[in-house]
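>>> I would like the atomic coordinates for the input below:
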Amino acid sequence: MANKIFDNAKKKKGDEYYTQIHDIELELKHYRDQFRDKVIFCNCDDPYESNFFKYFAMNFNTFGLKKLIATSYSGSPIIFTQLSLIDGLEMKHIVDSTNKAYKIVINEVQDENGDGAIDLADVEYLISNDKNTLIELEGDGDFRSNESIALLKEADIIVTNPPFSLFREYLKQLVDYEKEFIIIGNKNAVTYKDVFSLIKDQKLWIGYRNINSDMWFMVPDGNNYEKIVDGKKLKHIMACWFTNLETTKRHVPLTLYKHYNETEYPHYFNYDAIDVSSVKTIPLGWDGPMGVPITFIDKYNPDQFDIIALGIVGSIDFKHERKMEILKKGVPTGKFTINAKGTLYKIFNPDIDKKPPAFKDVETGELYSSIYARIIIKRKDKLL
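Sure thing, here's the model as predicted:
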């Protein structure tokens with residue numbers, strides 16, 4: 001059953017996103033020293049198609065890797081159809097035409113062809129001629145299979161782009177096995193309770209790429225795409241890098257320049273905190289709780305701030321359980337909710353609020369603005 005779920009998830013259009021090599025290069029170059037003498041495992045990337053495998057294969061000696069492992073899964077809908085793994089490497093004559101699952105294991109890359117250089121041509125020769133490099137798996141390559149878990153246990157660092165629909169389950173496995181990782185996920189995953197808990201407990205953080213800078217992924221033929229660049233069909237995805245490897249970025253202090261005032265930083269009506277509309281306007285002169293946009297995670301410095309909670313229902317206790325009429329563009333809909341759907345809200349201010357009110361108190365007629373997902377934080381440093 002688990003294998004069927006995995007196979008279906010991988011075939012979903014929403015999961016068929018393939019990372020461009022320049023995006024991989026821009027992120028992974030920051031971890032170069034941390035890769036040395038490590039076993040790298042790419043367990044959600046067909047090695048026939050994966051730019052992750054290609055990147056580590058061509059940098060095997062530069063990074064001083066101990067071993068590189070990549071696995072495919074059987075029934076892949078895109079095998080041999082999307083990417084050229086290594087220019088000139090024809091995988092079709094190497095692997096079984098029945099599309100079975102394989103693993104590629106590289107322990108060293110030498111000058112196999114004797115041309116005086118160590119490059120991808122040597123990786124091609126190695127894969128084509130060393131029977132111990134390309135090995136058929138007994139199972140289907142599901143990351144939850146016994147074979148994949150055995151490889152996971154052997155690995156030091158996991159680097160891949162897992163299926164977005166299985167992100168939470170995939171991440172949990174990495175955490176359960178206490179693995180270091182650099183993976184791609186939807187940026188909204190920070191609002192998942194289990195993912196947020198890891199961030200709050202400093203067991204997970206955002207990589208070097210700015211969380212506001214969305215990524216363009218290659219998509220298979222037949223899928224929706226937004227543009228074509230150099231013959232590649234690309235789609236824009238709200239994605240970012242997640243890691244538990246140490247970064248210098250997360251210890252850079254956020255510079256604060258705005259001063260607190262009651263007008264620009266209103267209190268929520270149903271929670272004891274002020275609202276901060278953008279990360280760059282976190283105020284000086286306020287040391288109490290404040291709700292900031294989820295993009296704060298990208299700038300989160302655990303030496304400067306404490307994360308208190310995720311500002312959504314089920315994560316914090318809201319006060320003022322009042323019956324509200326739901327408004328659409330400020331117009332009554334005749335539909336009602338209790339406590340504004342369990343979201344943060346503030347009193348509507350027509351002088352500064354650009355959007356129309358979202359709720360009206362049934363008893364008092366008071367209008368309220370709904371606040372998009374917020375993270376509740378508090379400063380650690382001294383009040384300025």
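>>> who's the residue positioned nearest the centre of the chain bridged to?
What sits nearest the mean C-alpha location of the chain, by C-alpha atoms, centre = their mean, is residue 185, with 2.4 Å. When assigned by DSSP bridges, residue 185 has beta-bridge partners residue 240.
>>> next, count neighbours for the residue nearest to residue 329 when sequence neighbours are not counted.
Distances taken as C-beta to C-beta, 6 or more residues apart in numbering place residue 356 nearest to residue 329, at 5.4 Å, with adjacent residues excluded. The way it works is simple: take the backbone N, C-alpha and C, and place the C-beta from them, glycine included. The number of residues packed near residue 356 is 14, by other C-beta atoms under 10 Å.
>>> give me the buried positions along stretch 213-224.
215-220 (16 or more other C-beta atoms under 10 Å).
>>> again, but for stretch 226-243
232-235, 237, 239-243.
>>> would you turn these into CSV with distance to residue 156?
CSV is the format used below for the buried residues of stretch 226-243 (distance: C-beta to C-beta, whole Å):
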residue, distance to residue 156
232, 32
233, 34
234, 32
235, 32
237, 28
239, 24
240, 23
241, 18
242, 17
243, 14
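>>> any idea how far the residue nearest to the centre of the chain is from residue 161?
9 Å (C-beta to C-beta, to the nearest Å).
>>> for residue 139, same thing?
When residue 139 is compared with residue 161 (using C-beta to C-beta), they lie 21 Å apart.
>>> which of the two has more neighbours?
The neighbour count for residue 139 versus residue 161, taken as other C-beta under 10 Å, is higher for residue 161 (24 against 15).
>>> quick check: the more buried one touching residue 20?
No - the pair residue 161 / residue 20 is not scored as a contact, 10.6 Å apart, by C-beta atoms under 8 Å.
>>> quick one, phi psi at residue 262?
Per-residue torsions, residue 262: phi -70, psi -30 (degrees, to the nearest 10).
>>> next, count neighbours for it.
Residue 262, neighbours per other C-beta under 10 Å, totals 8.
>>> quick check: buried residues in stretch 286-306?
286, 289-300, 304-305.
>>> before we move on, the earlier item: just the ones of the buried residues of stretch 213-224 in helices?
Using DSSP state H, no member of those falls within helices.
>>> where does pLDDT dip in the protein?
Low-confidence segments of the chain, defined by pLDDT under 70, span residues 1-16, 46-48, 75-99, 131, 313-314, 340-341, 382-384.
>>> could you chop it up by domain?
2-249, 252-384 (automatic domain parsing).
>>> helices or strands up against the host helix or strand of residue 368?
Using DSSP states H and E, residue 368 maps to strand 367-370. With contacts taken as 3 or more C-beta pairs under 8 Å, 6 or more residues apart in numbering; DSSP states H and E, strand 367-370 sits against strand 345-347, strand 359-361.
>>> need the contact list for residue 330.
356-357 (C-beta atoms under 8 Å, 6 or more residues apart in numbering).
>>> tell me how far it lies from residue 353.
Counting by C-beta to C-beta - residue 330 and residue 353 are separated by 10 Å.
>>> again, but for residue 37
Separation of residue 37 from residue 353 (C-beta to C-beta): 56 Å.
>>> the two: who's more crowded?
In this view residue 37 and residue 353 are compared by other C-beta under 10 Å, and residue 353 has more residues nearby, 14 against 10.
>>> count of neighbours near the nearest residue to the more buried one once chain neighbours are set aside?
With sequence-adjacent residues excluded and distances taken as C-beta to C-beta, 6+ apart, residue 353 is closest to residue 369, at 5.4 Å. Neighbour count of residue 369, defined by other C-beta under 10 Å: 22.
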